[in-house]
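A.B. asks: fold the following, please.
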Amino acid sequence: MKKLIFIRIMLVGYLTTAQNIKSPSNNISLDFLLFSNGKPTYSVNYKNKPVISRSNLGLLLKDGTDFTSGFIVEDTSIITFDEAWQPVLGEQTNIRNNYNQLTVHLIQKATLKKLNIIFKVYNEGVAFRYEFPKQANLNYFIISDEKSEFRLTDDHKAFWIPGDFDSNEYAYNETLLSAIDTEKIDLNNGIGVKSISGKYTVQSPLMMKSTNGIYLNIFEAAVVNYPVMHLELNKENYSFTSKLVPNAIGDKAYLQTPAVSPWRTIMICDDARDIVSSKMILNLNEPSKIDDTSWIKPMKYVGIWWEMHVGKATWDYAGSQNAQNTLDQLKPSGKHGATTENTKRYIDFAAQHGFDGVLVEGWNVGWEDWFGNWKENVFDFTTPYPDFDLKVVNDYAKSKGIKMIMHHETSGSVGNYERHLDRAMNLMKQYGYPAVKTGYVGKIIPRGEFHDGQTMVNHFNFVAQRMAENKLMVNSHESSRPTGYNRTYPNYIAAEAARGNEFNAWSNGNPPMHETILPFTRLLGGPMDYTPGIFEIKMNAYDATKKEQVHTTLTKQLALYVTMYSPLQMAADLPENYEKHMDAFQFIKDVPADWQESIYLEAEPGDYLTVVRKDKHSEKWFLGAITDENARETEIKLDFLSPNKKYVAVIYEDGKDADWQKNPKSYRIKTLNITNKSKIKLHLAKGGGTAISFDPITN
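C.D. replies: You can find the predicted model right below:
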């Protein structure tokens, strides 16, 4: 269903310089104003109170064109749009896309160059983008800067990470805007390559909360053929200005008309649940370009991965594990993880417990000397180590009904990967691999490029497109963070692009509040491969000298399968660790990865989150509730369940003495018979969580 209303306003003599547009609910109001000097600006009110004060718009081109002033308005148009669409995989089967749109057609008097600014106003926020129409006076051009401004009204509380052009794998800082300072954060955090761009520069999405309880989130959507936007803070007036990631020679974007920028988005609400449940970012992306999507499937998987992070095995065949040794002759150490026999063990475990796939990292030659030397020719993505037999592994997996997941670590050498990409995909198709996990650890080649620049954005999107043409799914790690492109290419099934669970194994880790912030930030742009499910919480189980640990309880690891949405979910721990806790492991076996409905029951960034989701293919519901470093007691109404039905609720909760530091593996499991009129009290320990499955009673 699609509803479209179109109104066009022709401006006689260019006299009208102000326009207003409201959200369908009328709660959000956006004003566009062109000053007498031709400077375009906008402001936003929420429930008749200002949330974005008068802010500047515009761009600078390398040829000297100043698209920040000197404009007159040629005409404007207003559209009301309302549709429902169905994602291939998602948190719900139907998504509503409803907004009012204002397009302002500008022409610069001095140059006769044209620029359109398009505003969309949703019930949960506003978005705007720049459109460069085909025109005689502008063809090929280079963006040297973007001057989009977001002028806030007060010193809000913010959840931020530094504006790093190469990494988004930071723990979040919770401070006032006035306290943002990237020079004060601990950089001994396990991140290998850092390119922090300024003392007061932060990344988007930037989550904020005002003193009067208004939640705001600044982000972007549909980043295509354009660099990632970071945000530069002016502490004097609490304003942010867009800061685009440059290429190797300092330019920002190479474009040709007709062209558009990504959408700049501002979510606004007085209920935090409206932020985490919003589909505005997805809606701002183009519909799927894949006609036949029948091959795009959710996957739950295990794999040879965590054992390398905890030091039990190595990625490399020689067993050095320092990634910077050039060895002429490889001698097996006996610690290599990706062997044929070890892979068979994981295949057996996956088949026994109903998983879809097995990931194997370290299967291919090159891991002895792959990081830290800015080396171009590292992996060929087709040659296995001597102890990994592709055909034997494939045949064995096929006999057990298991799909293998390919791994392509590029070491940041993007040119090398693109040269080998077709051969790598042919190998995947030859052996029936449906999906690949890509990695981009290290400094980028072409040298001088950043992970977040236009070149790399185009590369990540190109890989998704080429994989789609070969009916393959992709899960990118160390990539630029997603901005809803999985609507356009739903085979882009997941990404990392944030600080994942592996940092808990060998660094200062992720603080307990980390997973309560990610749904308000990184996950707004698309599914995250967070790799939850760690049961052996403390790393001294592998080495008595280790002090690292996962900063959660065991049952919080279960709850993450619900709170951290992804159609690609890993049971990340070792099989032997699950075998010690098969009662708790049952939830991981049961929880789906694709949903027909999702309801956010409770939400507060940095504090807690409670979500329930309904399985896409049954009447079963699943709940995940997590908290930060503080213990929490709450009561949940079960009115989301179907009326006139009885359910069995299996509750996986923290034990009475559970504590993420002192006793993280204390848990208890209880079973209740309930209906939609029931209530359940939840007990969440410090750094803890609760997971519940609701199974309708059919007999």
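A.B. asks: which stretches of the stretch 201-350 of the chain form helices?
C.D. replies: Secondary structure of the stretch 201-350 of the chain (DSSP state H, counting those that start in this stretch): helices at 273-276, 280-283, 306-309, 340-352.
A.B. asks: in CSV: these, plus mean pLDDT.
C.D. replies: What follows is the helices of the stretch 201-350 of the chain, written out as CSV (pLDDT from 0 to 100):
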stretch, mean pLDDT
helix 273-276, 98
helix 280-283, 98
helix 306-309, 98
helix 340-352, 98
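A.B. asks: looking at these, which is buried most?
C.D. replies: Of the helices of the stretch 201-350 of the chain, the one with the most neighbours on average (mean count of other C-beta atoms under 10 Å) is helix 280-283, at a mean of 25. Quick note: C-beta positions are derived from backbone N, CA and C, even for glycine.
A.B. asks: helices or strands up against it?
C.D. replies: When contacts are defined as 3 or more C-beta pairs under 8 Å, 6 or more residues apart in numbering; DSSP states H and E, helix 280-283 sits against strand 95-108, strand 215-221, strand 263-269.
A.B. asks: biggest helix in this structure by residues?
C.D. replies: Longest helix in the chain, counting residues (DSSP state H): helix 414-431.
A.B. asks: give me the contact list for that helix.
C.D. replies: Identification of contacts with helix 414-431 by C-beta atoms under 8 Å, 6 or more residues apart in numbering yields 376-382, 390-391, 394, 404, 406, 408, 410, 433, 436, 438, 440, 444-446, 449, 455-456, 459, 462-463, 466-467, 470, 472.
A.B. asks: how does it look with 7 Å?
C.D. replies: Residues from elsewhere that reach helix 414-431, judged by C-beta atoms under 7 Å, 6 or more residues apart in numbering: 376-378, 380-382, 390, 394, 404, 406, 408, 410, 436, 444-446, 456, 459, 466-467, 470, 472.
A.B. asks: so which of those residues belong to strands?
C.D. replies: When DSSP state E is applied, these are split such that 404, 406, 408, 436 fall in strands.
A.B. asks: in space, what's closest to the third one - neighbours in sequence excluded?
C.D. replies: Looking back up the chat, that one is residue 408. Sequence neighbours aside, residue 438 is the residue nearest to residue 408 in space, at 4.8 Å (criterion: C-beta to C-beta, 6 or more residues apart in numbering).
A.B. asks: bridging residues for that neighbour?
C.D. replies: Legend: beta-bridge partners of residue 438 under DSSP bridges are residue 408, residue 476.
A.B. asks: pull the contacting residues for it.
C.D. replies: Contacts of residue 438 by C-beta under 7 Å, 6+ apart are 408, 410, 463, 474, 476-477.
A.B. asks: repeat that for residue 514.
C.D. replies: Taking C-beta under 7 Å, 6+ apart, one finds 171-172, 499 in contact with residue 514.
A.B. asks: now residue 555
C.D. replies: Applying C-beta under 7 Å, 6+ apart, we find residue 555 in contact with 652-654, 667, 688-691.
A.B. asks: that one falls within a strand, correct?
C.D. replies: No: secondary structure of residue 555 (DSSP: H, G, I helix; E, B strand; the rest coil): helix, not part of a strand.
A.B. asks: confidence score at the residue lying closest to residue 538 once chain neighbours are set aside?
C.D. replies: Closest residue to residue 538 apart from its sequence neighbours, by C-beta to C-beta, 6+ apart: residue 549 at 4.4 Å. For residue 549, the pLDDT comes out at 98.
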